[in-house]
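K.L.:
Whatever this is, show me its structure:
(chains A and B)
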Amino acid sequence: MTRVHKGSRRVAMGLLLLFSAAFVLPFVWLLSTSLKPIEQTLSLPLTFIPWAYTADLGGKRVEVTLDFQVTQPGAVVRFLAGEDAGKLGFLGARQLASGSVPATVVHPVAAGSWHVTQRLDRALGEEGPAPLWDVLPRDRIDSRIRPRWDNYPRALAALGGDSASDRDRVGFWTFLGNSLAVAILGVLGTVISNAIVAYGFARLKWRGRDAFFALTLATMMVPFPALMVPLYGVFKALGLIGTLLPLWLPTWFGSAFNIFLMRQFFRTIPEELSEAARIDGCSEWRIFWRIVIPLSTPVLVVAALFHFIFAWNDFLGPLLYLTRKDTYTLALALAGYQSQNGGVQWHYLMAASAVTILPVIILFLFAQKTFIRGIATTGTKG
Amino acid sequence: MTRAEGKRLRAGVAFTSLWIVGLAVFTAYPVAASLFYSFCDYSILKAPVWCGLENYRQLAQDELFWKSLRNTLFYAGLSVPLGTAVALGLAVLLNCEVGGRSLFRLLFFMPSIVPVVASAMLWLWIFNGKYGLMNGFLDLFLSPFGLHGPAWLADPSWSKPALVIMSLWGTGNAVVIYLAGLQNVPAELYEAAEIDGASAWRRFIHVTLPAIAPVVAFNAIMALIGAMQLFAQAYIMSEAANGNGNASDGNPARSTLFYTIYLFSTAFQDLRMGYASAMAYVLFLITAALTWMAAQFSRGRYEDSP
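P.N.:
Numbers count the residues shown, from 1 in each chain, chains lettered A, B, ... in the order given. Below is the predicted model of the structure:
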């Protein structure tokens, strides 16, 4: 840790606060949008707070939406003639004074008042009486903070495309199940296969080992996009396109990075332990299983966490291999949300995104120390 | 080979057998097949037909290929240096004796584990030209001059900078690595420099930087390799921000047609898999060259030190 003067420490603190605000604000924006009613996501000026507005309309206390502010004084009137006869409307002061539109004044309106409409929670296209409206001064409209938690179940229902197509009843729970299956089977494969292989590299001496290990490391530089075409061919030949298998099966056959990670750890376990066991006539498998594995939980947990996050977050793999909707992972389903439900349901989109993020954040908060240590050691020393 | 050697070899092969299969099937075969396909006219529907260097020749004349390469280099050239600077800056700040360090580290790190699809959706919304947070913030400064923030992802000249800004949000990973690197710098070095009367800035230039340069260089090159493979964010955001059209068009105006996106669409939409394999090999060679550089910087990071 660098020792610095008190003044510069204050500057450092200030900068850190500023930057952490910039890092946190997107999360706040995500949550705030996910808890707003739709019209408040599409209104200016921006606010982080989900409001509920209520006002007296037609003698009833109802929830309203703030539509726009009238810039000039005028009045809410009832038209006396024309096709709108009998209906309510708004007339500006000048129009009212000129008398060109025959109407009776219901109540006068001051400049800066808000046009409000009764908020009807109706599905699009659903029939019903026209919503009540009025033009009211701001102080006749109550504002309360009210997060719309019901955005969440609605967003998740829309994730599967909840339109009339009930024939394919896939939805959030299907996607969640797929994501968990891919992640958990992948974590098991990663931990088991790489531990076995890494033991072969770390604790056994055999001809060709070092050359093979060098080759293993070299494969780390092969970019996945460069392998996409032949890999797709392999899984097509195996008849696995459209199933979840291509997403987790390879993890059961080792991966260079994890082999490297575990090998480095296994090498720190004193060789004497293995020697003593060998003298006692233990097989290598028993030494691996009874001595090395129990001492290696930290590295196994790091590999498991990394893989869980990778599998949960993966987009390219599912995009490549999954063809039918009932096999989609949560990430892939989320990616298709907008093309399925239109582009303006930001409140639902943010709610669905928050749900997708939540598992990794929870996992991270529980295993924070392991995570940070894992990142720090794999990144700096190895 | 003695009997004992033979036995040891058998044990070694037995333990690594899963990886031998995995390496062969999921890496070695694809690498070889990719090379072969790159010399062929191949759609997955019919057997490949040898066409020599034709794919590479076409590639050299393919404007979209060069466009995608330029876009990718532009993105990488901005996001990697900026990301490195931000991460290093934050790590240095955290390394001062400030309170709440682990909380800050947690906050900086958290965005880097957010699923890319979710962060793409979030930033799509942040970059919304009309109701987005970014322009809401910028307009605090711009509107007094009668200006308004750009349309970001819907504007060809701002779509890549938008992706760069988004990438900065995910640099927390590097902050953790650099902070660990900084904490490994021996305190005696600082004390000696202080006794010699070196200012904080000179201590940073002459003590801190040289000590963590290998870590920074290694990590920056890894980030560069990652940036060359940019896919998901661009794929998701360009489609959504520009309405109709295809995710792999690189809208608006092909400004987000990145290398991997072009590769993906060539292979899996046009089914020109031979041509895509040639692209894959070019990417492979670029990555190999970068990795070789990273290995030089890492000073035998992967070598044995028993």
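K.L.:
Who are the contact partners of residue A:320?
P.N.:
A:228, A:232, A:246, B:268 (Cβ atoms under 8 Å, 6 or more residues apart in numbering or on different chains). C-beta coordinates here come from the backbone N, C-alpha and C atoms, glycine included.
K.L.:
Tabulate those in TSV, adding columns for distance to residue B:149, pLDDT and neighbour count.
P.N.:
TSV is the format used below for those (distance: Cβ to Cβ, whole Å; pLDDT from 0 to 100; neighbours: other Cβ atoms under 10 Å in any protein chain shown):
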residue	distance to residue B:149	pLDDT	neighbour count
A:228	37	91	24
A:232	41	92	19
A:246	42	95	23
B:268	35	90	18
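K.L.:
Where does the prediction get shaky in the stretch 201-350 of chain A?
P.N.:
Across the stretch 201-350 of chain A, residues meeting the criterion (pLDDT under 70) sit at A:342.
K.L.:
What strand or helix carries the closest residue to residue B:114 other than its chain neighbours?
P.N.:
Counting by Cβ to Cβ, 6 or more residues apart in numbering or on different chains, residue B:114 lies nearest to residue A:357, which is 5.3 Å off, once chain neighbours are set aside. Using DSSP states H and E, residue A:357 maps to helix A:346-366.
K.L.:
okay, the angle between the next helix or strand after that helix and helix A:346-366?
P.N.:
For helix A:346-366, the following helix or strand on the C-terminal side (DSSP H and E) is helix A:368-380. When axes from the mean of the first three to the mean of the last three Cα atoms, to 10 degrees is applied, the directions of helix A:368-380 and helix A:346-366 differ by 80 degrees.
K.L.:
quick one: average pLDDT of helix A:368-380?
P.N.:
Averaging pLDDT along helix A:368-380 gives 75.
K.L.:
so who does the one residue in the stretch 201-350 of chain A that gets nearest to chain B touch?
P.N.:
Nearest residue of the stretch 201-350 of chain A to chain B, counting by Cβ to the nearest Cβ: residue A:253, 2.7 Å away. Residue A:253 makes contacts with A:189, A:193, B:18-19, B:21-23, B:25-26, as judged by Cβ under 8 Å, 6+ apart.
K.L.:
For it, give its distance to residue B:22.
P.N.:
3 Å (Cβ to Cβ, to the nearest Å).
K.L.:
and what of residue A:47?
P.N.:
Taking Cβ to Cβ, one finds residue A:47 at 52 Å from residue B:22.
K.L.:
the more surrounded of those two?
P.N.:
Legend: neighbour count by other Cβ atoms under 10 Å in any protein chain shown for residue A:47 and residue B:22, higher for residue B:22 (25 against 12).
K.L.:
I figured that one hits residue A:254, correct?
P.N.:
Yes: under the criterion of Cβ atoms under 8 Å, residue B:22 lies in contact with residue A:254, with a separation of 4.6 Å.
K.L.:
any shared contact partners between the two?
P.N.:
Common neighbours of residue B:22 and residue A:254 (Cβ under 8 Å, 6+ apart) are residue A:193.
K.L.:
Quick one: neighbours of residue A:99, just the number.
P.N.:
8.
K.L.:
Now tabulate the contacts of residue A:320 in a markdown table and tack on secondary structure and distance to residue A:117.
P.N.:
Formatted as a markdown table, the contacts of residue A:320 follow (DSSP: H, G, I helix; E, B strand; the rest coil; distance: Cβ to Cβ, whole Å):
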| residue | secondary structure | distance to residue A:117 |
| --- | --- | --- |
| A:228 | helix | 52 |
| A:232 | helix | 53 |
| A:246 | helix | 51 |
| B:268 | helix | 47 |
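K.L.:
hmm, which two among these are most spread apart?
P.N.:
The two members of the contacts of residue A:320 with the most space between them (Cβ to Cβ) are A:246 and B:268, at 13.9 Å.
K.L.:
Residue 131: what's it in contact with?
P.N.:
Answering for chain A, as no chain was given. With Cβ under 8 Å, 6+ apart, residue A:131 has these contacts: A:117-120.
K.L.:
if you could check chain B rather than the one you did, that'd help
P.N.:
Taking Cβ under 8 Å, 6+ apart, one finds A:41-44, A:46, A:346 in contact with residue B:131.
K.L.:
where's it relative to residue A:172, distance?
P.N.:
26 Å.
K.L.:
what does residue B:17 give?
P.N.:
40 Å.
K.L.:
Can you pull out the residues in contact with stretch A:356-373?
P.N.:
A:30, A:298, A:301-302, A:305, A:308-309, A:312-313, A:330-331, A:334, B:105-106, B:109-110, B:113-115, B:117-118, B:176.
K.L.:
Could you turn the buried ones of those into a PyMOL selection?
P.N.:
Restricted to buried positions by 16 or more other Cβ atoms under 10 Å in any protein chain shown, the PyMOL selection for the contacts of stretch A:356-373 reads:
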select buried, (chain A and resi 30+301+302+305+308+309+312+313+330+331+334) or (chain B and resi 105+106+109+110+113+114+115+117+118+176)
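K.L.:
Could you pull up phi and psi at residue B:42?
P.N.:
Residue B:42 adopts backbone torsions of phi -140, psi 120, taken as degrees, to the nearest 10.
K.L.:
you'd agree residue A:42 is up against residue A:347?
P.N.:
No: look at residue A:42 against residue A:347 with Cβ under 8 Å: they stay out of range, at 9.5 Å.
K.L.:
between those two, which one's more packed in?
P.N.:
More crowded of residue A:42 and residue A:347, by other Cβ under 10 Å: residue A:347, with 26 against 13.
K.L.:
Excluding chain neighbours, what is closest to residue B:257?
P.N.:
Closest residue to residue B:257 apart from its sequence neighbours, by Cβ to Cβ, 6+ apart: residue B:250 at 2.6 Å.
K.L.:
Three-state assignment for residue A:128, please.
P.N.:
Secondary structure, DSSP: H, G, I helix; E, B strand; the rest coil: residue A:128 is coil.
K.L.:
And for it, the neighbour number?
P.N.:
Residue A:128 has 7 nearby residues by other Cβ under 10 Å.
K.L.:
one step back: which among the contacts of residue A:131 count as buried?
P.N.:
A:117-119.
K.L.:
so which of those comes closest to residue A:319?
P.N.:
Among the buried ones among the contacts of residue A:131, residue A:119 lies closest to residue A:319 (Cβ to Cβ), at 38.6 Å.
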